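Engineer: Provided below are the primary sequence and the corresponding predicted coordinates.
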Amino acid sequence: MKLTHAYDQDKKAEIFYVDGKEAAVLPLPYGCKDSFEKIEENVIKWTRRTQSPVDSMVMELRACYRHDFIMVPAVNYNGNNWGSSYEYTGFFDEGTPWTYGYHRVSLPACTYSEGKVNNELYISWGMYGLEEEGYCCSIFPEGDYTVHQIIWPEKETPRRLSYRHFEPAYYGTMEPKDSFSVCIVFSQVKEPKMGYKALLDVAWRMNYHKQHPSFPPEKLWELGITYANSLWASMDDGFQSFYKGYKWIDGEWRIRPTGLFEIGWCGQSASLANSFLYDYIKHKREDSLKKGLACLDSWFKYATLPIGIIHPRYDEMDRDFDACNLGTAARQYFEAIELLKSCNVERPEYFQAAINICDFALKHQKPDGLIGKSWNAKGELTVAEGTTGCFLVFPLVQAWEYTGENKYLEAAIKSYHYYYQELEKKGYTTAGALDTYCIDKESSIPLLQSGIKLYKATGEKEYLKCAENAAWYLSTWQYHYSVKYHEGCTLYDLKYDTFGGTAVSTAHNHIDSYALAYMIDLLELAKLTGNNQWRERAMAIWYNGTQGVSDGTLVVMGKVRPAGSQDEGFFHTRWADDFNVSQWLVAWPGAFRLEVMRKIGDLDLLK
């Protein structure tokens, strides 16, 4: 498709044409002059200059179609019409378009849409800011157009999303200026609801820069083991595992008094246990072997339900359990079997723990492939929908590898196709972040991981393509730039860099380091596809995910952090406490860093 543009005197607008057909209208206000610099094919730097400095500006691109798909990366996916959490829904609030601060979006003030021009040319437009700070964006349908706007000064209106509620609007101000710049990315869409690949690719290449981790990997390993040891618990009934984390309570860091243990998701007890087994293998620390075994033994002995599977929350076994935790537990027990081969220890019950979960998945799988999201202690399905069910696909392939029984592989293939369809048809995945029920990042992780796993199991390239598409979707949550923070706020004091980090969900607009969970898979994807950008994105995840790790002397908000601890959440935008941190020193960030280090092979790659 050929992209051209020309000024239309009658419309007082620049018109962009695709193969001679009008595809976008860029209105030119009185007293302004626009210029367009071709950065590369179909990528244009749009600069607007005014006759004299002004204290407000709107740069607007009106795509000439009714949208098929709209996205504000990491914030709004086609109107966020899935789930039940507090979030930005639709494109208007009582008739007024939403506006989003540039830093709320994973590309600065970015908007994206795709649709058909003249009901025949399926194209997309993406637009994002090129300036350092002080602006916002909006996108909404208007008649036969889809309107993209980048707006100065920054505002978040008519309300702004905060933690589980809305706050009053934010209005910023600016010093008058006479020049404004944005980037426009046009593409032909070959895969509906996935045309943003060109936009993400351009923004990444324009902004990528190598960073350095806060500590070398050997130091991070020791800090991780140290912090996990501080979380070690021995209960009166004999159960031994790792507490979920510390909160600041009554003037000191204390174990959070509720929800003490979790085998996967937030607590990652099984992953920590495997890292302790690995620590024994590498460093011959007998205490690590004892704790690793005691933890895995305890979950199987004390948390197995009468229906035969491990409940992922030992101290809350009256609660529903979920596919995310079950899938993680099965994978970790399968891995433990391999690690124990180097420890001269046998635990046949570990295989039983993993295979019981896989058999549970087989039992609950529907003819169309759906397994389910959550169940009660009786094994009755309580929530069916959500891509979260795909977390059980990977261990099903592992079960096939261990047993040779085709029923496990057949079930894995059927379920993978079912869950991948959600991304393919809707352009998003759902319900992986278990403290919300919405569109999110975490729910697409198993699409990436299981896609690679199935590709290796079957040799069918279809799965590799699916895995790469899942990685592109995950990349819509990844920050492609560094937000500039004002002096005096916590993130400024921490020298926190948003680049490479990933936002959580459409309901929880903050950055965490959960992408560490799929960093190894991006490295593998780079090898399998030959696309080095996956390696760059993986390493950016690592660098971002090592920020704020305490060496035992780090002071944040006047409090000394325990060695090896790290916040769960970085409030990079006006969500919860603006430009602050969560002060929830949870187990999973350290668990994921340890998991990366035990799997990567060459620690020099992490320096």
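Structural biologist: Everything's here; your move.

Engineer: okay, which residue is most central for the chain?
Structural biologist: residue 441 (3.6 Å; C-alpha atoms, centre = their mean).

Engineer: residues in contact with the residue nearest to it when sequence neighbours are not counted?
Structural biologist: In space, and not counting its chain neighbours, residue 441 is closest to residue 477: 4.3 Å by C-beta to C-beta, 6 or more residues apart in numbering. Backbone N, C-alpha and C define where each C-beta goes, glycine included. Contact partners of residue 477, counting by C-beta atoms under 8 Å, 6 or more residues apart in numbering, are 73, 74, 106, 441, 502, 503, 504, 515.

Engineer: rerun at 7 Å
Structural biologist: 74, 106, 441, 502, 503 (C-beta atoms under 7 Å, 6 or more residues apart in numbering).

Engineer: For it, give me the pLDDT.
Structural biologist: For residue 477, the model assigns a pLDDT of 98.

Engineer: what's the distance between it and residue 549?
Structural biologist: Using C-beta to C-beta, to the nearest Å, residue 477 is found at 22 Å from residue 549.

Engineer: what do you get for residue 97?
Structural biologist: Taken as C-beta to C-beta, the span from residue 97 to residue 549 is 40 Å.

Engineer: Counting neighbours, go ahead and name the busier of the two.
Structural biologist: The neighbour comparison of residue 97 against residue 549 (other C-beta atoms under 10 Å) goes to residue 549, with 25 against 17.

Engineer: Quick check, the more buried one in contact with residue 223.
Structural biologist: Yes - between residue 549 and residue 223 there is a contact at 6.2 Å, judged by C-beta atoms under 7 Å.

Engineer: tell me the mean pLDDT for the strand or helix carrying residue 24?
Structural biologist: Assigned by DSSP states H and E, residue 24 belongs to strand 21-27. In this model, strand 21-27 has an average pLDDT of 97.

Engineer: got it, and stretch 526-533?
Structural biologist: 98.

Engineer: likewise stretch 493-511?
Structural biologist: 97.

Engineer: Report the buried residues of that stretch.
Structural biologist: Buried residues in stretch 493-511, counted by 16 or more other C-beta atoms under 10 Å: 494, 496-511.

Engineer: Out of these, list just those in strands.
Structural biologist: Within the buried residues of stretch 493-511, residues falling in strands by DSSP state E are 502, 503, 511.

Engineer: bridging residues for the last one?
Structural biologist: On the basis of DSSP bridges, residue 511 is bridged to residue 503, residue 570.

Engineer: separation between it and residue 328?
Structural biologist: On the measure of C-beta to C-beta, residue 511 and residue 328 end up 22 Å apart.

Engineer: Give me the longest helix you can find in the protein.
Structural biologist: For the chain, the helix with the greatest residue count under DSSP state H is helix 406-426.

Engineer: re the thing from before, which phi and psi does the residue nearest to residue 441 have?
Structural biologist: Note on residue 477: backbone dihedrals following degrees, to the nearest 10 are phi -90, psi -10.

Engineer: Adjust the sequence numbering to begin at 516 for everything that follows.
Structural biologist: Fine by me, first position is 516 from now on; the one you just mentioned is residue 992.

Engineer: how near is it to residue 1039?
Structural biologist: For residue 992, the distance to residue 1039 (C-beta to C-beta) stands at 19 Å.

Engineer: Report the contact partners of residue 731.
Structural biologist: Residue 731 touches residue 1122, counting by C-beta under 7 Å, 6+ apart.

Engineer: coming back round to it: list residues touching both of residue 1064 and residue 738?
Structural biologist: Any residue near both residue 1064 and residue 738 by C-beta under 7 Å, 6+ apart counts here, and that gives 730, 1079.

Engineer: Now the strand holding residue 539 - C-alpha only, CSV.
Structural biologist: Extracted in CSV, the C-alpha atoms of strand 536-542 (Å, rounded to 0.1, in the frame of the first residue of the first chain):
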residue,chain,number,x,y,z
LYS,A,536,-8.1,6.7,-1.2
GLU,A,537,-8.6,9.2,1.6
ALA,A,538,-7.5,7.4,4.8
ALA,A,539,-6.9,10.1,7.4
VAL,A,540,-7.7,13.8,7.9
LEU,A,541,-5.4,16.1,10.0
PRO,A,542,-7.2,19.4,10.7
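
Engineer: one step back: how about the contacts of residue 992, which pair is most distant?
Structural biologist: The largest separation in the contacts of residue 992, counting by C-beta to C-beta, is between 621 and 956 at 10.1 Å.

Engineer: joint contacts of those two?
Structural biologist: 992, 1018.

Engineer: neighbours around the closest residue to residue 794 other than its chain neighbours, how many?
Structural biologist: For residue 794, ignoring the flanking residues on the chain, the nearest one in space by C-beta to C-beta, 6+ apart is residue 803 at 4.1 Å. As a burial measure, residue 803 scores 22 neighbours (other C-beta under 10 Å).
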